Structure formats: structure tokens, C-alpha cells
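1. Give the three-dimensional model of this entry:
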Amino acid sequence: MARIRCVILVLLSAAVLPLGLEAQQGGSIVEEADREAVFTIGTNYPNPFNPETRIPFELHDDAFVDGRPAIVTARIYNALVRYVASPTALNHPAGEGTPVIDLEYNFPGRHELYWDGRDRSGNAVASGIYVLEMTVNGTTRFLRMYVSK
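-> So this is what the prediction gives:
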């Protein structure tokens, strides 16, 4: 499964490199197979960033099936499609700084993620392009982010 995800990320990165301007102007990069409107990702700000960024996203009513919470996972990959970090949740009932890995959100609306520009070991990442992979209830979207040092 991890190998398939890596291949998809590499192909997606190659296919959407010309869309960098769109991503900077407020568009999000969407995987073609995911047409469901369970959530949207806004452009991270600032973009490019150094050393930290915030990533707004919106959970739609369709993400809350039968009154169950939406399950959100966010991962950040580098240009070599290596897992770098998971952003943390801002203003979440689980507490500030909670990693967004299978995190439950109980209500629709605008939410926000935070990334301090560090990898899982706490080291500052290098300048370059990073891809946020966000999954809500099995629906995945991607967003390209730029680190500038």
C-alpha cells in the first residue's frame, strides 16, 4: 500500500508541476479519482514559507455520515516522496499540537493545520517543494507547498 501511495505521489507531482501558480493563488491540487465533496484544502500561508506555515481546510457536511466524526490524516512528503512529518491540529479539542493522524473532527466548517517546517526528528527541512497528503474518511487530496530559506 505504501508503494502504491509513493507511485501516486510521484506521478501526481510530475503531472501538476506546471500548476504551481494555481496552488499559490488559492487552488488546491485534487486527485482525479476523488470527486466527493467531503472536504477542501485551502492554500497554505505564507507560501513560500520559512520556517512555519498554516494550512486551512474545510470539512463539509458529507464528511459526517450518520452523525459519526470525520477521521482526518495529514502527511507531508518531500520531493523524493519520503514521509517527512505530520502537521498538527490548531484549535482542536484534543489539544494544540496534536498530530493529525486518524484525528477525529466532530463538526463541519473551517479548521486549520500547522507545520513548523521540521521533520519527524525535529530537524529543519531543506528548501524545496513538499506535498501535503490529506485524507478524510478515505477521500484524499494533495497540496504542494514551498519552503524557502
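2. For stretch 140-149, list every residue counted as buried.
-> For stretch 140-149, the buried set under the neighbour-count rule, 16 or more other Cβ atoms under 10 Å, comprises 141-147. Glycine gets a C-beta too; all of them are placed from N, C-alpha and C.
3. Report the secondary structure state of the residue most central in space within the chain.
-> Within the chain, the residue whose C-alpha comes closest to the C-alpha centroid is residue 132; the distance, by Cα atoms, centre = their mean, is 3.6 Å. When the structure is split into helix, strand and coil by DSSP: H, G, I helix; E, B strand; the rest coil, residue 132 lands in strand.
4. contacting residues around residue 86?
-> 73-76, 99-101, 120 (Cβ atoms under 8 Å, 6 or more residues apart in numbering).
5. now do residue 72
-> With Cβ under 8 Å, 6+ apart as the criterion, the residues that contact residue 72 are 59, 100, 102-105, 134-136.
6. go with 7 Å
-> Residues in contact with residue 72 (Cβ atoms under 7 Å, 6 or more residues apart in numbering) are 100, 103, 105, 136.
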